[in-house]
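Enquirer: 3D, please:
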Amino acid sequence: MRKSSDSRQVIAWVTVMAFILGPMGPVSCGGDNSAGAASEVKSFVGDFSGAHASKKAIKPGLVRAAALAAGLKSLDTVPIPKVENLKEFLKHGHDARKAAAQLGKALFWDMQVGSDGQACASCHFHAGADSRARNQLSPGLKAGDNLFGNNTFGVPGFPQLHPDYTLTEADFPFHVLANPEENNFNNRLVLKDTNDVVSSMGVFAANFVTIQFPLLDLGTQFVDPIFNLDTPAALDVNRNARRVEPRNTPTVINAVFNHSNFWDGRAHNQFNGVSVIGPLDVNARIWINNAGTLEQQQVSIPNSSLASQAVGPPTSDLEMSFFNRPFPQVGRKLLGLVPLGQQVVHPHDSVLGHLSRSPETGINASYAALIQQAFQSRYWDSAMLTPNGYTQMEANFSLFFGLAVQIYETSLVSDKSPFDSFMRGNNGALEEEQLQGLLVFINRGARGNPVIVDKAIAQAEAVLQIPIGAGNCISCHGGPEFTDASVASVAGEPIEVEETTVLDNGFLRIAEAVAFIDNGFANIGARPIAEDLGRGGIEGGFPLSFARQALLGLAFAPELPLDECGAVCPEDNRVSVDGAFKIPGLRNVELTGPYFHNGGQATLEQVLEFYDRQGDFSDLNVANLERNMAFIDLEDEDEEPLIEFLLSLTDERVRQDRAPFDHPQLLVPDGGTFANEQPRIVVPAVGRGGRPAAGLPPVGTFLGLSHTD
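Expert: Below you'll find the model as predicted:
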């Protein structure tokens, strides 16, 4: 039988693929992840024949091969980071793990954890993040600025911003240029700017006194000098607004893959059982029952940044706690309460359903019982009190809280997006515009691409008759997790040596000098370094930066990559981490606005305009700037396809709150003052069937905005 031209094309492409991929993958720039792509040829070769092989269409199989060579895969190929010594804390068996997940979900969603009705979920109820618009503003606290709507550059600010303000579309972005596309920093005209941050509201200001009957936090309210309607002349406690965090709220979905959490990475990979910063807290100890005697012991639990992160907010006076409330008091309070006692749990909740008391509030289990079912007895069964008068279970409540919440959040993995379906071989999962956007995403431009990426780009350009721009997104948002801050990326290479940037007549250029950086963190010029050091900050008296820890010779620091330096080791041990922040994953990014650590961009269109002009403050931050900003080269024709590709990263289960993203009822603060708080937003309980089963609309975007014109 005579072979058609399409069939001959299949044979030719298979031959080319075999030559390009080979047993070792393509020869290309460092960081490419082509290994394994050859083994997946069969999943896309069929695409090169038939209708899909038309010269008038972008070839999905070729794009998939390019994505594989660039290191992208379906998220279901990535194992949950293993906690090697978890068995030293949990009881053995499925029942203990199940009880730990129940405990973690209850603690995460329980409004009783906070001093005045704040749950962990109060800031993470919307696609794992926070979509509220009222009372979500914080001034530039990290820069020591307590005024709203201002800046330090002598340009017009945002005078409309104030405590308890309701944000609108017109308030964004927070840095406005006469020409939003101008990438020559010498030619920019700034029209207005503010160093305010969009984040999440927490508690009203009060000093913690004690836990009083009926197991409520007793606090002494005081006039908040910052979060008060009369700021900066606050005098009346009744005019207090809820306090607001100084950085935007990241999503908890897929956070299990992050090597460290929080924007500055202070939620350490090694959980110490007590506090956020792992080995940087040299005094952290848990209590062990050793043959009837209570003893303190240091612990280090790897790949447990989520546990480190979880124990921060319950004692933070900007989030969930009155000032100076110790964690054992949180335990004392909750151990006497019905879990979720103010909230309805859906009878079909994927984790707590069989414990539900619906239509009544709460669950049919106590926190003490769940701890006893999940954790080994030596962490809770002593009859002795600590020197501070706490039971062992109260004193170790941070250990239980952190590990249980982590075990629950381990289930919050969104690996069923259209992109995942595409990477598993479904050629119809992405539309042609999204395929185009994927190529923009992985195109590193002048930095260089794997051969198969360039071939896919050339084929698409021939079809579209326009060039494919260099988004260079893949250089920071790599891997199936879409972030270089993942365990898979950081664990093997926590410190890197990287080129630096300079300004050349107003344009960003790559410099000859190199510097140590912390892998997974980037300064993209979103705000000036002086406003927030980010990864360059200090916690517990130690630098957060791995590179700086290593240069100090700290025992818990990773090793410097001196074997990579050759003749170009950083001069004077230069470190470029100031103003760098954890690179966020991009899955479900459609739903998690506003964006960046300051929340200063409301839509993905604004985000792409920011990257197209290579940042807002890259000139001021150039000594610490992420070098990949200099390789971005986008045209207007690239932006909408790139946004459409980013929309393909949304898992419909997240949009619809389907299991494992279902949840109990939650009453979320919605602004107002201490004397006149607004009615709370009621987030209804949904079971494993999610919002459709409950007759609810899907989760939307921030302010209901469209990401494109």
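
Enquirer: show me what the longest strand along the chain is packed up against.
Expert: In the chain, assigned by DSSP state E, the strand with the most residues is strand 507-518. Counting contacts by 3 or more Cβ pairs under 8 Å, 6 or more residues apart in numbering; DSSP states H and E, strand 507-518 packs against strand 495-504, helix 546-552. No exception for glycine: its C-beta is placed from N, CA and C like everyone else's.

Enquirer: go through these and name the closest to Val209.
Expert: With Cβ to Cβ as the measure, helix 546-552 is the member of the helices and strands packed on strand 507-518 nearest Val209 (38.2 Å).

Enquirer: which secondary structure elements does that closest one sit against?
Expert: Against helix 546-552 (3+ Cβ pairs under 8 Å, 6+ apart) you get strand 495-504, strand 507-518, strand 542-543.

Enquirer: and the helices and strands packed on strand 507-518: which comes nearest Ser321?
Expert: helix 546-552 (28.7 Å).

Enquirer: quick one: contacts for the nearest residue to Ile301 once chain neighbours are set aside?
Expert: Nearest non-adjacent residue to Ile301, counting by Cβ to Cβ, 6 or more residues apart in numbering: Phe271, 4.2 Å away. Applying Cβ atoms under 8 Å, 6 or more residues apart in numbering to Phe271 gives the contacts 278, 299-301, 304-305, 307-308, 402-403, 406.

Enquirer: do the same with Asn624
Expert: 523, 529, 536, 576-580.

Enquirer: redo the contacts of Phe271 as TSV? Include neighbour count, secondary structure and distance to Glu571.
Expert: As requested, these are arranged in TSV below (neighbours: other Cβ atoms under 10 Å; DSSP: H, G, I helix; E, B strand; the rest coil; distance: Cβ to Cβ, whole Å):
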residue	neighbour count	secondary structure	distance to Glu571
Gly278	27	helix	31
Val299	17	coil	40
Ser300	16	coil	35
Ile301	23	strand	38
Ser304	27	coil	37
Ser305	28	helix	32
Ala307	31	helix	39
Ser308	28	helix	34
Gly402	30	helix	41
Leu403	27	helix	44
Gln406	25	helix	41
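
Enquirer: and those, which is closest to Asp110?
Expert: Gly402 (15.0 Å).

Enquirer: I figured Val63 hits Leu435, correct?
Expert: Yes. Assessed by Cβ atoms under 8 Å, Val63 is found in contact with Leu435 at 4.9 Å.

Enquirer: which neighbours do the two have in common?
Expert: Counting by Cβ under 8 Å, 6+ apart, the residues touching both Val63 and Leu435 are Ala460.

Enquirer: report the buried residues of stretch 422-434.
Expert: 422-425, 427, 429-430, 432-434 (16 or more other Cβ atoms under 10 Å).

Enquirer: how much space separates the nearest residue to Ser304 once chain neighbours are set aside from Asn621?
Expert: In space, and not counting its chain neighbours, Ser304 is closest to Phe271: 3.7 Å by Cβ to Cβ, 6+ apart. As defined by Cβ to Cβ, to the nearest Å, Phe271 lies at a distance of 32 Å from Asn621.

Enquirer: ok, Gly478 next?
Expert: Distance of Gly478 to Asn621, computed by Cβ to Cβ: 22 Å.

Enquirer: equivalent analysis for Ser131, please.
Expert: For Ser131, the distance to Asn621 (Cβ to Cβ) stands at 29 Å.

Enquirer: between those two, who's got more neighbours?
Expert: Neighbour count, other Cβ atoms under 10 Å: between Ser131 and Asn621, Asn621 has more, with 25 against 21.

Enquirer: contacting residues for that one?
Expert: Shown in contact with Asn621 (Cβ under 8 Å, 6+ apart): 523, 525, 528-529, 579, 615.

Enquirer: rewinding a little: so which of the buried residues of stretch 422-434 are in helices?
Expert: 422-423, 432-434 (DSSP state H).

Enquirer: looks like Pro359 contacts Val344 (just checking).
Expert: Yes. Counting by Cβ under 8 Å, Pro359 does reach Val344; the two are 6.6 Å apart.

Enquirer: got the end-to-end distance for stretch 599-607?
Expert: Terminal residues of stretch 599-607 lie 11 Å apart, using Cα to Cα, to the nearest Å.

Enquirer: out of the helices and strands packed on strand 507-518, indicate the one that is most buried.
Expert: With neighbours taken as mean count of other Cβ atoms under 10 Å, the helices and strands packed on strand 507-518 reach their highest mean count in helix 546-552, at a mean of 21.

Enquirer: next structured bit after that helix?
Expert: From helix 546-552 onward toward the C-terminus, using DSSP states H and E, the following helix or strand is strand 581-582.

Enquirer: report all helices and strands that that next one contacts.
Expert: When contacts are defined as 3+ Cβ pairs under 8 Å, 6+ apart, strand 581-582 sits against strand 521-522.

Enquirer: which residues does the strand it packs on contact?
Expert: The contact list for strand 521-522 (Cβ under 8 Å, 6+ apart) reads 265, 476, 485, 534-535, 577, 580-583, 626, 628.

Enquirer: which pair in those has the greatest spatial separation?
Expert: Across the contacts of strand 521-522, the two lying at the largest distance from each other (Cβ to Cβ) are Gly265 and Asn628, at 18.6 Å.

Enquirer: comparing the two, which residue is more hemmed in?
Expert: More crowded of Gly265 and Asn628, by other Cβ under 10 Å: Gly265, with 29 against 20.

Enquirer: sketch out the strands for the stretch 251-400 of the chain, chain order is fine.
Expert: Using DSSP state E, counting those that start in this stretch, the strands found in the stretch 251-400 of the chain span residues 286-290, 293-297.

Enquirer: which of those strands sits closest to Pro314?
Expert: Set against Pro314 and scored by Cβ to Cβ, the strands of the stretch 251-400 of the chain come closest in strand 286-290, at 16.3 Å.

Enquirer: list the buried residues for that closest one?
Expert: For strand 286-290, using 16+ other Cβ under 10 Å, the buried residues are 286-289.

Enquirer: can you check stretch 540-547 too?
Expert: Across stretch 540-547, burial judged by 16+ other Cβ under 10 Å covers 540, 542-547.

Enquirer: likewise stretch 207-217?
Expert: So, applying 16+ other Cβ under 10 Å, buried residues of stretch 207-217: 208, 211, 217.

Enquirer: isn't there a strand covering the last one?
Expert: Yes. Assigned with DSSP: H, G, I helix; E, B strand; the rest coil, Asp217 falls within a strand.

Enquirer: quick one, what contacts the nearest residue to it once chain neighbours are set aside?
Expert: In this structure, Asp217 finds its nearest non-sequential neighbour in Ser115, 4.1 Å apart by Cβ to Cβ, 6+ apart. Residues near Ser115 by Cβ under 8 Å, 6+ apart: 203, 206, 208, 217, 219, 320-322, 325.

Enquirer: now do Ser115 against Gly672, distance only.
Expert: From Ser115 across to Gly672, the span is 17 Å (Cβ to Cβ).

Enquirer: ditto for Thr500
Expert: Between Thr500 and Gly672 the distance is 48 Å, computed by Cβ to Cβ.

Enquirer: ok, now Ala404?
Expert: 32 Å.

Enquirer: these two: who's more crowded?
Expert: Using other Cβ under 10 Å, the more surrounded residue of Ala404 and Gly672 is Ala404, with 28 against 16.

Enquirer: hang on, the more buried one packs against Leu107?
Expert: Yes. Using Cβ under 8 Å, Ala404 is in contact with Leu107, at 6.0 Å.

Enquirer: just for the protein, where's the confidence low?
Expert: Within the chain, the segments meeting pLDDT under 70 span 1-55, 564-568.

Enquirer: contacts only, for Val405.
Expert: Per Cβ under 8 Å, 6+ apart, neighbours of Val405: 104, 107-108, 120, 306-307, 310.

Enquirer: Asn519 now?
Expert: Contacts of Asn519 (Cβ under 8 Å, 6+ apart): 484-485, 489-490, 493-496.

Enquirer: scan those residues and report the most crowded one.
Expert: Using other Cβ under 10 Å as the neighbour criterion, Ala485 leads the contacts of Asn519 with 28 neighbours.

Enquirer: next one: the closest residue to Tyr379 other than its chain neighbours from Gly671, what distance?
Expert: Sequence neighbours aside, Asn396 is the residue nearest to Tyr379 in space, at 5.3 Å (criterion: Cβ to Cβ, 6+ apart). Counting by Cβ to Cβ, the gap from Asn396 to Gly671 is 36 Å.
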